[in-house]
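Student: Only the shape, not the letters, is given here:
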């Protein structure tokens, strides 16, 4: 069992930045690939980025490339999502997720075993 807790969301103006954190507890964190998804009101959950459990390989959704960066600190059992140049359309609840198996891109909700509760990001114009 893995528990995931996101933090770092909030209200930011367009063009600003936020860094989200996802703290994991439970089973060995380093054995999981980690991903970030987001869900805007009335829309389906959308893939943002995934990072492999080893080797540092990443896969980004096209619309996030160059603006968002995923990183992880296995010693702290934490994964981060640095978001720059934020746009109003980035407004959503952001979720981190952990996948025990599979390989990148890991862009489907169904590939993940555990989810956090989400953190709200609101970007004002």
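Tutor: Structure received. Computed from a predicted model, the values in this text were never measured in an experiment.
Student: going forward, measure contacts between C-alpha atoms and count neighbours the same way
Tutor: OK.
Student: beta partners of the spatially most central residue of the chain?
Tutor: Central residue check for the chain by CA atoms, centre = their mean: the C-alpha nearest the mean position is that of residue 36, 2.2 Å away. Using DSSP bridges, the bridge partners assigned to residue 36 are residue 49, residue 96.
Student: For it, list the residues it contacts.
Tutor: 47, 48, 49, 50, 81, 94, 95, 96, 97 (CA atoms under 8 Å, 6 or more residues apart in numbering).
Student: Check for me that the fifth one belongs to a strand.
Tutor: Yes - for residue 81, which was evaluated using DSSP: H, G, I helix; E, B strand; the rest coil, the result is membership in a strand.
Student: Can you report how many residues lie near it?
Tutor: Using other CA atoms under 10 Å as the criterion, residue 81 is surrounded by 22 other residues.
Student: Model confidence for it, exactly?
Tutor: Looking at residue 81, its pLDDT reads 98.
Student: same thing with the first one?
Tutor: Listed pLDDT for residue 47 reads 98.
Student: what about it, distance to residue 40?
Tutor: Here the criterion is CA to CA, to the nearest Å. By it, residue 47 lies 12 Å from residue 40.
Student: looking at it, residue 31 is touching residue 100, isn't it?
Tutor: Yes - applying CA atoms under 8 Å, one finds residue 31 in contact with residue 100, separated by 6.7 Å.
Student: tell me the contacts of the closest residue to residue 50 other than its chain neighbours?
Tutor: Counting by CA to CA, 6 or more residues apart in numbering, residue 35 is the residue found nearest to residue 50 once chain neighbours are left out, at 4.0 Å. By CA under 8 Å, 6+ apart, the contact set of residue 35 is 48, 49, 50, 51, 96, 97, 98, 99, 106.
Student: again, 10 Å this time
Tutor: Residues counted as contacts of residue 35 (CA atoms under 10 Å, 6 or more residues apart in numbering) are 47-52, 58-60, 70, 79-81, 95-99, 105-109, 112, 115.
Student: Repeat that for residue 13.
Tutor: Going by CA under 10 Å, 6+ apart, the list of residues near residue 13 reads 85, 86, 87, 88, 122, 123, 124, 125.
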